[in-house]
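[1] need coordinates for the below:
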Amino acid sequence: MVIAASVILLLAILLAPILLIRLRKRWVAAFNLAVTNRITSRFADRLPGFGVLTHVGRKSGRHAPRLTSPDQRGDFALVD
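    Residues are numbered from 1 along each chain as shown. Coordinates of the predicted model:
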């Protein structure tokens with residue numbers, strides 16, 4: 001009985017972050033824009049596997065850099 005309870009507790013601890021991310025997608029997206037993108041954008045243009053795509057807003061005309069991971073296929077780069 002104690003082993004079953006400890007296994008359930010261990011599974012709950014391990015699966016909690018996955019469930020929180022699935023339930024809090026907007027929060028994770030806002031966190032990525034506010035924190036993660038600002039940190040990785042400092043070195044994204046210099047490291048392989050990263051790229052910075054500049055998007056210009058259609059109505060506002062605002063320039064917004066977006067981090068991407070391009071995939072090189074011959075003469076072309078595919079952007080995810």
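[2] can you list the domain ranges for the protein.
    1-40, 45-80 (automatic domain parsing).
[3] in CSV, list those domains along with mean pLDDT.
    Output for these, formatted as CSV (pLDDT from 0 to 100):
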stretch, mean pLDDT
domain 1-40, 77
domain 45-80, 81
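[4] in JSON lines, list those along with mean neighbour count.
    Where you see a C-beta, it was placed from the backbone N, CA and C, and this is true even at glycine. Formatted as JSON lines, the domains of the chain follow (neighbours: other Cβ atoms under 10 Å):
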{"stretch": "domain 1-40", "mean neighbour count": "10"}
{"stretch": "domain 45-80", "mean neighbour count": "10"}
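[5] and T54, that one's in a strand?
    Yes: secondary structure assignment places T54 in a strand (DSSP: H, G, I helix; E, B strand; the rest coil).
[6] thought it was touching T68?
    No: between T54 and T68 there is no contact under Cβ atoms under 8 Å: 10.6 Å.
[7] just checking, what packs against the helix of greatest length in the chain?
    Longest helix in the chain by number of residues (criterion: DSSP state H): helix 2-23. If you count contacts as 3 or more Cβ pairs under 8 Å, 6 or more residues apart in numbering; DSSP states H and E, helix 2-23 packs onto no helix or strand.
[8] what's next to that helix, contact-wise?
    V28 (Cβ atoms under 8 Å, 6 or more residues apart in numbering).
[9] what does the helix or strand just after that helix contact?
    Downstream of helix 2-23, the next assigned helix or strand under DSSP states H and E is helix 25-31. Contact with helix 25-31 is made by I21, as judged by Cβ under 8 Å, 6+ apart.
[10] got the contact list for V79?
    Contacts of V79 by Cβ under 8 Å, 6+ apart are G51, L53, T68, S69, P70, D71.
[11] quick one: G49 and D71 touch, right?
    No: at 9.2 Å, G49 does not count as touching D71 under the criterion of Cβ under 8 Å.
[12] state the distance from the residue most central in space within the chain to R26.
    Nearest to the mean C-alpha position of the chain, by Cα atoms, centre = their mean, lies N32 at 6.0 Å. N32 sits 11 Å away from R26, taking Cβ to Cβ, to the nearest Å as the criterion.
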